[in-house]
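# dropping a prediction and its sequence here:
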Amino acid sequence: MKQVCIIGAGSSGITAAKALKEKGITFDCFEKGSNIGGVWRYNNDNGLSSAYRSLHINTNRVVMAYSDFPMPYDYPMFPHHSDIIEYFENYVELFKLREHITFNTSVTDVIRNSDGSYNVTLDNRQSYDYQYVIVANGHHWNPRFPTPAFKGEFTGEILHSHYYREAEQVQNKDVLVVGIGNSAVDIACEAARQHKGKVVISTRSGAYITPNWIWSMPFDNLANPLTAKLPLWLQRFLLNTTLWLARGKQEDYGVPKPNRPVLSEHPTLSQDLLNLSGRGLIKFKPNIKEFRGKTVVFEDGTEQDFDMIIYATGYKITFPFLKHYAEFDIEETNNIGLYNKVIHPAYKNLFFLALIQPLGAIMPLAEIQAKWIAKIIKGESKLPSKEAMLKTIEVDKQEIAHRYKQTPRHTLQVDFYTYKGIIEKEMKR
């Protein structure tokens, strides 16, 4: 029996491979597509990537890099997706990981054996037993649409942001973007820069728009282990003050201000939105009330015609290979209930990697999760009792419910430095 099966060779799967290799743990990694990179590979032939042609990362290259493999200094501070793929390929090459990855191979089924190990079935009908399974299939590939659906029928073109690839798709069209997250704003800005057609963002509750740059440095450089330990009210005060110094009031640009405090939701990063909105190239509307053909009626009673609606309404967390287990059928809620976002108390040898939505970069957190998993497998780190794990999960759930709006989007939220400290402490247990 082999030790570990890794499902997926995106940014999380490859760092898991490295962590296991360094500990001398034997493993197989299966990747549905023909190459590494996951969502970051534009037009990935695994069919799961949501990358569009103009995509750049919105966390800077210094904080996004793996701990022992900095991104090249000649990269822009916010690199293009092609730079990120090159970075991953160099990582895999340097640490000789490619030989451990089986490409063009999907995991179709994971079934627990009577001895607690797992039988893993592949799409070529071969199956193998493993002591451990690491799930690294990502959570940005199964599009989520508003539920319940809006009343009426829209007869124009409908697209989810997952399938947006290039500006030509929105050229010469009046476009309504539903949502105000990072992808929604990126797409709206790209459409608006063409100066052809109307661009409107529909948002139920707005978002705090955070710039990429402030005082000639990346905005996310302001976060550090010290500020992460401050009381939430003080963090909010400091962030509000910094945002005001950086760009004044966002509502003065025509961007609605949320009715919730800052840090009560995942921030939206954009250096362009306020500028384009201030020029009148992007307008804002409240939530949709109903459709009447190509006419959209909004909750404020106003109406407007559109050629196209782009739903940038997030993703469902989906594990098609765990279909036999009700605990992992969480598409509607996105609430899986994992100890420190990694381990289900009932399945202690089944690990979930990068199932988080950090206020900060995800790759270094996936890396430290992978190192923790490797230490658990080697017996160098112990897990608490099932009861203690369940208690921690419940406390975490209550903290998220108290701080964030109750939506599937926020079930995975973590603060970068706080969460990193938690995992580092676990590694010493």
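That came in fine, so what should we check first?
# can we go C-alpha only for contacts and neighbour counts from here?
Noted.
# and the lengthiest strand in the chain, which strands flank it?
Determined from DSSP state E, the single longest strand within the chain is strand 127-135. For strand 127-135, the paired strands and their directions (DSSP bridges) read strand 2-7 (parallel), strand 118-122 (antiparallel), strand 347-352 (parallel).
# what helices or strands is the next helix or strand after it leaning on?
Sequence-wise, the next helix or strand beyond strand 127-135 is strand 142-143, with elements assigned using DSSP states H and E. Under the contact criterion of 3 or more Cα pairs under 8 Å, 6 or more residues apart in numbering; DSSP states H and E, strand 142-143 touches strand 315-316.
# name the helices or strands packed onto the following helix or strand past the strand it packs on?
Following strand 315-316 in sequence order, the next helix or strand is strand 343-344 (DSSP H and E). When contacts are defined as 3+ Cα pairs under 8 Å, 6+ apart, strand 343-344 packs onto strand 347-352.
# what average pLDDT does the strand it packs on get?
For strand 347-352, mean pLDDT rounds to 94.
# contacts for it, please.
Contacts to strand 347-352, defined as Cα atoms under 8 Å, 6 or more residues apart in numbering, come from residues 117, 131, 132, 133, 134, 135, 136, 341, 342, 343, 344, 373.
# please apply the same query to stretch 197-209.
Against stretch 197-209 from outside (Cα under 8 Å, 6+ apart): 171-181, 188, 191-192, 250, 256-259, 262, 265, 267-270, 281-288.
# out of these, which are buried?
171, 173-181, 188, 191-192, 250, 256-258, 262, 265, 267-270, 281-288 (16 or more other Cα atoms under 10 Å).
# check the strands paired with strand 127-135 for me and report the most buried one.
Sort the strands paired with strand 127-135 by mean neighbour count, taking mean count of other Cα atoms under 10 Å, and strand 2-7 sits at the top with a mean of 22.
# what's the average pLDDT for that strand?
Rounded mean pLDDT across strand 2-7 is 94.
# so how far is that strand off the chain centroid?
24 Å (Cα atoms, centre = their mean, to the nearest Å).
# hmm, who's touching the helix or strand following that strand?
Per DSSP H and E, the first helix or strand lying C-terminal to strand 2-7 is helix 11-22. For helix 11-22, contacts defined as Cα under 8 Å, 6+ apart pick out 6-7, 26-27, 29, 36-38, 88, 92, 95, 97, 100, 136-137, 353-354, 363, 366-367, 370-371, 374.
# in helices only, show me the residues you listed.
Among those, DSSP state H puts 88, 92, 363, 366, 367, 370, 371, 374 in helices.
# look up how far residue 39 lies from the fifth one.
Applying Cα to Cα, to the nearest Å, one obtains 17 Å for the distance of residue 367 from residue 39.
# same deal with the second one?
From residue 92 over to residue 39 the distance is 16 Å, taken as Cα to Cα.
# who has more neighbours, those two?
residue 39 (24 against 18; other Cα atoms under 10 Å).
# now do the strands in the stretch 101-250 of the chain.
Taking DSSP state E, counting those that start in this stretch, the strands of the stretch 101-250 of the chain run over residues 101-102, 107-112, 118-122, 127-135, 142-143, 151-154, 157-160, 175-178, 199-202, 209-210, 213-214, 217-218.
# for residue 62, which of those strands is the nearest?
strand 217-218 (9.7 Å; Cα to Cα).
# what's in contact with the closest one?
Everything outside strand 217-218 that qualifies as a contact, by Cα under 8 Å, 6+ apart, is 60, 77, 212.
# pipe these into TSV and attach neighbour count, pLDDT and distance to residue 106 per row.
Shown next, in TSV, are these (neighbours: other Cα atoms under 10 Å; pLDDT from 0 to 100; distance: Cα to Cα, whole Å):
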residue	neighbour count	pLDDT	distance to residue 106
60	23	94	32
77	20	95	35
212	21	91	37
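# output the residues you listed in CSV, with distance to residue 315 appended to each entry.
Shown next, in CSV, are the contacts of strand 217-218 (distance: Cα to Cα, whole Å):
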residue, distance to residue 315
60, 24
77, 27
212, 24
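# pick the one among those residues closest to residue 403.
Using Cα to Cα, those come closest to residue 403 at residue 212, 24.1 Å.
# residues near residue 245, how many?
The number of residues packed near residue 245 is 12, by other Cα under 10 Å.
# swap in residue 302?
12.
# how far off strand 347-352 does the longest helix seen in the chain point, in degrees?
In the chain, taking DSSP H as the definition, the longest helix is helix 386-403. Orientation check (axes from the mean of the first three to the mean of the last three Cα atoms, to 10 degrees): helix 386-403 against strand 347-352 gives 40 degrees.
# from residue 169, how far off is residue 65?
When residue 65 is compared with residue 169 (using Cα to Cα), they lie 32 Å apart.
# likewise residue 294?
On the measure of Cα to Cα, residue 294 and residue 169 end up 18 Å apart.
# what about those two, which has more around it?
Neighbours per residue (other Cα under 10 Å) separate residue 294 from residue 169, with residue 294 holding more: 17 against 12.
# shouldn't the more buried one be in contact with residue 303?
No: between residue 294 and residue 303 there is no contact under Cα atoms under 8 Å: 10.2 Å.
# and the protein, what are its domains?
Listed domain ranges for the chain are 2-142+315-427, 147-311 (source: automatic domain parsing).
# show the end-to-end separation of the shortest one, please.
This means domain 147-311. End-to-end for domain 147-311, by Cα to Cα: 12 Å.
# mind listing what the residue nearest to residue 354 when sequence neighbours are not counted touches?
Distance criterion Cα to Cα, 6 or more residues apart in numbering; nearest residue to residue 354, sequence neighbours excluded, is residue 366 at 5.0 Å. Residues in contact with residue 366 (Cα under 8 Å, 6+ apart) are 12, 15, 353, 354.
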